[in-house]
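Engineer: Pasting the sequence and the predicted model now:
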Amino acid sequence: MNPEILKDLVRVKMPFGKYQGRILSDLPVSYLEWFASKGFPPGKLGMQLSTLFEIKTNGLDEILVQLKRMR
């Protein structure tokens, strides 16, 4: 896994949609579940969102807390 994908989760903003402008790590699980059912967008954003989905649905939120501290 590319470590930059993890760093991006706490600094990149959602570029479109209902949560446009919100930092990716702050997106609600319900929104990520919706993407998981409909399909994540292509490219880097899709990789970021699918990674975030895996982190949040597997109870690994502490990773995000640590990344925010390192920011």
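Structural biologist: Happy to help now that I have it.
Engineer: C-alpha from now on. contacts and neighbour counts both.
Structural biologist: OK.
Engineer: contacting residues around the residue most central in space within the chain?
Structural biologist: Centroid-nearest residue in the chain: Leu52, 3.6 Å away (criterion: C-alpha atoms, centre = their mean). Applying C-alpha atoms under 8 Å, 6 or more residues apart in numbering to Leu52 gives the contacts 9, 24-25, 32.
Engineer: which of the residues in the least confident helix or strand in the chain by mean pLDDT are buried?
Structural biologist: Ranking every helix and strand in the chain by mean pLDDT, DSSP states H and E puts helix 3-8 at the bottom, with a mean of 90. Within helix 3-8, the residues that count as buried by 16 or more other C-alpha atoms under 10 Å are 5-8.
Engineer: Restrict it to CA atoms and write it as CSV.
Structural biologist: Taking Å, rounded to 0.1, in the frame of the first residue of the first chain, the C-alpha atoms of helix 3-8 are listed here in CSV:
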residue,chain,number,x,y,z
PRO,A,3,1.6,5.5,2.4
GLU,A,4,0.6,8.7,0.6
ILE,A,5,-2.9,7.3,0.3
LEU,A,6,-3.1,7.2,4.1
LYS,A,7,-1.7,10.7,4.5
ASP,A,8,-4.2,12.0,2.0
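Engineer: in terms of contact, does Leu49 touch Tyr31 like I think?
Structural biologist: No. Using C-alpha atoms under 8 Å, Leu49 makes no contact with Tyr31, being 9.9 Å away.
Engineer: more crowded one of the two?
Structural biologist: Remark: of Leu49 and Tyr31, Leu49 carries more neighbours, 23 against 13, as counted by other C-alpha atoms under 10 Å.
Engineer: so what pLDDT did that one get?
Structural biologist: We have a pLDDT of 97 for Leu49.
Engineer: in stretch 9-21, what counts as buried?
Structural biologist: Neighbour-count burial for stretch 9-21 flags 9-10, 12-14 (criterion: 16+ other C-alpha under 10 Å).
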